[in-house]
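>>> Quick one, what's the 3D model for this:
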Amino acid sequence: KGYNITLMDLYSKPTIKQLGESIGSQGGKQNEAEFYTQYAAAPSYKNQKYPLNEIQKAYLFGRNPSFELGNISTHYYTEILMNVDINRIEESINTVIEKQPMLRTVIYEDGTQQILESVPHYKLETKELSNCSEAQVKNEIENMRSELSHKMYPRGKRPMFDFKAIHLGEDKYYFFLSIDVMIADGASILLLGERIADCYKGKTVEKPEFDSYDYMQSYENLKKSDRYKEDERYWTSKVDTFPECVQLPYRILPSDVQKPAFRRLSKTLNSDQWNKLKDISKAKGVTTASMLCSAYSRALSKFSGSNNFGINLTMFNRYPFYKDIENIIGDFTSTVILDIKTEKDFWEQTKAIQKNMFEGIEHRSYDGVDFIKQLSKKGGNPLSAVMPVVFTCAIFDDKLHGWNDLGKIQYIISQTPQVALDNQTTAMD
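Residues are numbered from 1 along each chain as shown. Here you go, the predicted model:
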């Protein structure tokens, strides 16, 4: 028998005894898996156009230069050093394309998308540089980076991704991935790497029993539920009093930026440092994500001079309508808008932010994109970037290895329209 334990239960009942008492009091209460599966649409693949989800629509609109901090696509790019059989890598890529519907999807200007039943074989473009100097290789990597790192894929065409490689000698390759996030969120990009690695190792990769069309139909069913209506009321009640996004001292005002160009600043912790951070957060009774968000908020408060402001929390949110929900590539991004209040004591602040975060996640069925629309109406300018400061915690289950089984990541850059600053936290291996 399953029991329903929410994030707020974990926050308000932190001991095993308290949780046990909560579980014992549930009786016949429906668990989460049962709740979501009752809204699952029967898988019914049809080669037809269907609407984009809310975050996809936001990304599509963000390409429009009329929007503040727009005129770019939502994009992910990485470079990986590999020692592989490149022909087997190409075969593996094509197997995953055949198994994953979103890799065969076309996104149209009118806000619809379509899964193609079959697509041509994808040819992995490889450039031979095994006899070239280190300077020539470096120059070609920079050329590829310039071409692919901020690529905007045309609407109405596929693929919305590129795989390319440079041959450095024997089985050594420098690999490039460019992909539009409208077809694959951060968790899906890791899953893409993992499934290519599985195919490369000779493992069987199953085709999901459903596709994004079925998932969206399920979500539409969920929107008719009492839970969705309750979550809608929860967020709507906050519109009038919700603080503005943190106001940072921009060198150039966001409204004056014609085409944003993203630059990544990074800090890497070794495993000992990371484990120490996790131990500290555990000892203080908070999650590592809450602690990192609190530290980020403190820095934002220092540079903005404000103690109360809003920020945008990115989530990779897959409702468990189907049992193999974790095995499909797609854009399941959702957002939770956090009301941040900084305090003198860092750990008291962190606990307050965690409570706020958990409560927002509990009411996530009403998506943050819809809440931002309400805030935008309140502000009077529907084209403005309402919540351009973001915290993204992409720390996934240790079982998801991503691209690590294929090689060593050398470089990553991503971009999102209507975003000025995105603090991204991820575990690389």
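
>>> Give me the phi and psi for L69.
With angles defined as degrees, to the nearest 10, L69 sits at phi 60, psi 30.

>>> That one is in contact with P260, isn't it?
Yes: between L69 and P260 there is a contact under CB atoms under 8 Å: 5.4 Å. Placement of C-beta: from N, CA and C, glycine included.

>>> what is in contact with the two at once?
Counting by CB atoms under 8 Å, 6 or more residues apart in numbering, the residues touching both L69 and P260 are P417, A420.

>>> Low-confidence ranges, the chain, go.
1-30, 45, 396-401, 429 (pLDDT under 70).

>>> Check whether the residue in it sticking out farthest from the centre sits in a helix, strand or coil.
Largest separation from the mean C-alpha position in the chain: N131, at 39.1 Å (CA atoms, centre = their mean). Recorded secondary structure, N131: coil (DSSP: H, G, I helix; E, B strand; the rest coil).

>>> just the one 10 residues further on next, same as before
Here I141 takes the helix state, with states given by three-state DSSP.

>>> How about it: what's its closest non-neighbour residue?
Spatially, and ignoring its direct neighbours in sequence, I141 is nearest to Y174 (6.3 Å; CB to CB, 6 or more residues apart in numbering).

>>> what bridges to the one you found?
Beta-bridge partners of Y174, counted by DSSP bridges, are L81, I166.

>>> That one and V84 touch, don't they?
No: with contacts counted by CB under 8 Å, Y174 stays clear of V84, the gap being 11.2 Å.

>>> Need phi/psi at I189.
As for I189, its main-chain torsions (degrees, to the nearest 10) stand at phi -70, psi -40.

>>> Which residues are in contact with the residue nearest to I141?
E79, I80, L81, M82, V137, I141, A165, I166, L168, Q410.

>>> Only the buried subset of those residues, as a PyMOL command please.
Selection of buried members from the contacts of Y174 for PyMOL, criterion 16 or more other CB atoms under 10 Å:
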select buried, resi 79+80+82+137+141+165+166+168
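
>>> could I get the contacts of Y174 as TSV with distance to K99?
Shown next, in TSV, are the contacts of Y174 (distance: CB to CB, whole Å):
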residue	distance to K99
E79	25
I80	21
L81	26
M82	21
V137	33
I141	30
A165	22
I166	27
L168	30
Q410	27
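
>>> where exactly do the helices run in the chain?
7-12, 16-24, 32-37, 54-61, 86-99, 134-148, 186-200, 212-222, 226-236, 271-283, 288-304, 346-362, 368-379 (DSSP state H).

>>> Just send those back as TSV, with distance to P154 too.
Converted to TSV, the helices of the chain look like this (distance: least, CB to CB, whole Å):
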stretch	distance to P154
helix 7-12	41
helix 16-24	52
helix 32-37	36
helix 54-61	12
helix 86-99	19
helix 134-148	15
helix 186-200	21
helix 212-222	20
helix 226-236	35
helix 271-283	40
helix 288-304	35
helix 346-362	36
helix 368-379	24
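
>>> Of those helices, give the one that comes closest to S118.
S118 lies closest to helix 86-99 among these, at 8.2 Å (CB to CB).

>>> residues contacting the nearest residue to Y77 once chain neighbours are set aside?
Once flanking residues are discounted, Y77 sits nearest to S149: 4.4 Å by CB to CB, 6+ apart. Neighbouring residues of S149 by CB under 8 Å, 6+ apart: H75, Y77, S178, I413.

>>> and those residues, which two are the farthest apart?
Checked with CB to CB, these reach their widest spread between S178 and I413, with 10.1 Å between them.

>>> neighbours around N381, how many?
Neighbourhood size, N381 [other CB atoms under 10 Å]: 11.

>>> I'd like the distance between it and C245.
According to CB to CB, to the nearest Å, N381 and C245 sit 13 Å apart.

>>> still on that earlier bit, ranking by neighbours, what's the top pick from the contacts of S149?
H75 (24 neighbours).

>>> how about the nearest residue to it once chain neighbours are set aside, what does it touch?
Leaving out its chain neighbours, the residue that sits closest to H75 by CB to CB, 6+ apart is Q415, at 5.2 Å. Listed by CB under 8 Å, 6+ apart, the contact set of Q415 reads I72, S73, T74, H75, H150, P260, F262.

>>> Go again with 7 Å.
Applying CB atoms under 7 Å, 6 or more residues apart in numbering, we find Q415 in contact with I72, T74, H75, H150, F262.

>>> Also H75?
Applying CB under 7 Å, 6+ apart to H75 gives the contacts H150, K151, D180, V181, S414, Q415.

>>> Out of those residues, which is nearest to P101?
Nearest to P101 among those: D180, at 15.2 Å, using CB to CB.

>>> Now flag whichever of the contacts of S149 is closest to F371.
For the contacts of S149, the nearest to F371 is H75 (24.5 Å; CB to CB).

>>> Report the beta-bridge partners for that closest one.
Counting by DSSP bridges, H75 is bridged to D180, Q415.

>>> Can we start the residue count at 586 from this point?
Taking 586 as the first residue, the last one we looked at is H660.

>>> Near S822, how many residues? Count them for me, please.
S822 has 10 neighbours, counted by other CB under 10 Å.

>>> I'd like to know how far it sits from D816.
According to CB to CB, S822 and D816 sit 11 Å apart.

>>> do F943 as well
If you go by CB to CB, the gap between F943 and D816 works out to 14 Å.

>>> What of I938?
Going from I938 to D816 by CB to CB gives 20 Å.

>>> Between the two, tell me which one has more neighbours.
I938 (27 against 19).

>>> My read is that that one contacts S882, right?
Yes: at 6.5 Å, I938 counts as touching S882 under the criterion of CB atoms under 7 Å.

>>> what is in contact with the two at once?
Common contacts of I938 and S882, defined by CB under 7 Å, 6+ apart, comprise I925.

>>> All the strands of the stretch 886-1014 of the chain, residue numbers only.
Secondary structure of the stretch 886-1014 of the chain by DSSP state E, counting those that start in this stretch: the strands cover 893-901, 918-926, 974-979, 992-1000, 1006-1011.

>>> closest to I781 out of those strands?
Comparing the strands of the stretch 886-1014 of the chain against I781 with CB to CB, the closest turns out to be strand 992-1000 (11.0 Å).

>>> Other residues contacting stretch 804-822?
Residues outside stretch 804-822 that contact it (CB under 7 Å, 6+ apart): Y624, A626, Y904, H948, S950, Y951, F956, Q959.

>>> same thing but 10 Å
Stretch 804-822 has contacts (CB atoms under 10 Å, 6 or more residues apart in numbering) with 620-621, 623-626, 636, 638-639, 827, 904, 906, 921-922, 944-945, 947-953, 955-956, 959-960.

>>> now could you export just the CA positions of stretch 819-833 as PDB?
The C-alpha coordinates for stretch 819-833 follow below in PDB (Å, rounded to 0.1, in the frame of the first residue of the first chain):
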ATOM      1  CA  TYR A 819      -3.600  29.800  -3.900                       C
ATOM      2  CA  TRP A 820      -1.500  31.600  -6.500                       C
ATOM      3  CA  THR A 821      -4.300  34.100  -7.600                       C
ATOM      4  CA  SER A 822      -4.700  35.200  -4.000                       C
ATOM      5  CA  LYS A 823      -1.000  36.300  -4.000                       C
ATOM      6  CA  VAL A 824      -1.000  38.500  -7.200                       C
ATOM      7  CA  ASP A 825      -1.800  41.800  -5.500                       C
ATOM      8  CA  THR A 826       0.800  41.600  -2.700                       C
ATOM      9  CA  PHE A 827       3.600  39.600  -4.500                       C
ATOM     10  CA  PRO A 828       6.900  41.500  -4.600                       C
ATOM     11  CA  GLU A 829       8.600  42.500  -7.800                       C
ATOM     12  CA  CYS A 830      11.500  40.600  -9.100                       C
ATOM     13  CA  VAL A 831      14.800  41.600  -7.500                       C
ATOM     14  CA  GLN A 832      16.100  44.800  -9.100                       C
ATOM     15  CA  LEU A 833      19.800  44.400  -9.900                       C
END
